Structures are given as structure tokens and as C-alpha cells.
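K.L.:
please work out how this folds:
(one chain, ligands or ions: 1)
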Amino acid sequence: MDAIVQQALVGAALNVRARAHAPYSRFLVGAAVLTASDEIIAGCNVENSSYGLTICAERAAVCAAVAAGHKQLVAIAVATSGGHSPCGACRQVLSEFGSAMEVLLIDADNPAGIRRTTLDKLLPDQFTL
Ligand code: THU
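P.N.:
Numbers count the residues shown, from 1 in each chain. Presented below is the predicted three-dimensional model:
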């Protein structure tokens, strides 16, 4: 990925993280997906007082991308305190739109230290119909 694009993608994930609605866990997550047409679309986690209704940041970003007309995703950046990896449910949802997409894991407390992986490594033998 182009360095400028990567910087924009990481910046979008960090910025949207500040908008997370996480009053219950206080765990803020920002995600930004890069579409095949080089657009960046972001999402944050949105918690609910009925805890199970919480929406993860990665899925929020995927839904926003699809609503904006994008179904081919080439990368995702995820920003958390600690640089955590997407949960299993999000991995499966991401796989629908880019089975081998690049995954950049950002520690919001040390944004320069990006961990890079790919979705096919995080979710081998993906379920498809
Ligand atoms: N969360 C995400 O946004 N993405 C993940 O991949 C795992 C967890 C959110 C859900 C909840 O708001 C908080 O992090 C703690 O689980």
C-alpha cells in the first residue's frame, strides 16, 4: 500500500476512534476500510445498554462502505489501546468483501508501531456459500 494512503487510512481509524460510543466497556475502537477505488470509510464501536446489541467498529465500517456503494475492500486499519486484533465475528464479516485484505493493527497509545497482517492469516478456511 502507498505510504500516503496508509497514513490516511491509519489517521481515519485513529480519528473515528474518538467518536466511539463505549460508555460500558470504555474500550474505544476505530476502524477504517480502504476500498478498491481508494476511498476510505470509517466506523467506530457503538455500544448499547442492552450489551449484546453492541456493534463493533469493523462491522460499522463495513456497513458504511457497503451503504456508500463499495463491496471490494482491500485493507482495514483498526485502532485500539493496545493494538488489538478484530474479533472472530468481524473477521467473518470482513471476509465477505475481501478474503485476503491487508489488516493494520494500530496501538492508539503508540500509533507509529503498526502491526501488519492479512485477513486470510487471521481467518483461514473462511466460510463461503
Ligand atoms: N469491539 C470492536 O469494536 N471490535 C472488535 O473486533 C472487538 C470488540 C468493541 C465491542 C465493545 O464495544 C468493546 O470493543 C469491548 O468489547
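K.L.:
what's the local residue count around residue 74?
P.N.:
Around residue 74 there are 18 other residues, counting by other CB atoms under 10 Å. To be clear about C-beta, it is placed using only N, CA and C from the backbone, and glycine gets the same treatment.
K.L.:
where is the longest strand in this structure?
P.N.:
If you go by DSSP state E, the chain has its longest strand at strand 73-80.
K.L.:
which strands border it, and is each parallel or antiparallel?
P.N.:
If you go by DSSP bridges, strand 73-80 pairs up with strand 30-35 (antiparallel), strand 102-107 (parallel).
K.L.:
just those strands: most buried one?
P.N.:
strand 30-35 (a mean of 28; mean count of other CB atoms under 10 Å).
K.L.:
kindly list the longest helix within this protein.
P.N.:
Across the chain, the longest stretch assigned as helix under DSSP state H is helix 3-17.
K.L.:
which ones are touching residue 119?
P.N.:
Residue 119 is in contact with 76, 91, 94, 95, 98, 99, 100, 101, 102, 103, counting by CB atoms under 8 Å, 6 or more residues apart in numbering.
K.L.:
just these: which are in helices?
P.N.:
91, 94, 95.
K.L.:
which residues touch the last one?
P.N.:
Remark: with contacts taken as CB under 8 Å, 6+ apart, residue 95 is in contact with 119, 123, 126, 127, 128.
K.L.:
and the gap between the nearest residue to the third one once chain neighbours are set aside and residue 37?
P.N.:
Among residues not flanking residue 126 along the chain, residue 95 sits closest, at 4.4 Å (CB to CB, 6 or more residues apart in numbering). Applying CB to CB, to the nearest Å, the value for residue 95 to residue 37 is 20 Å.
K.L.:
what of residue 72?
P.N.:
For residue 72, the distance to residue 37 equals 8 Å [CB to CB].
K.L.:
just residue 81 next, same as before
P.N.:
31 Å.
K.L.:
neighbour-wise, which of these two wins?
P.N.:
Using other CB under 10 Å, the more surrounded residue of residue 81 and residue 37 is residue 81, with 14 against 9.
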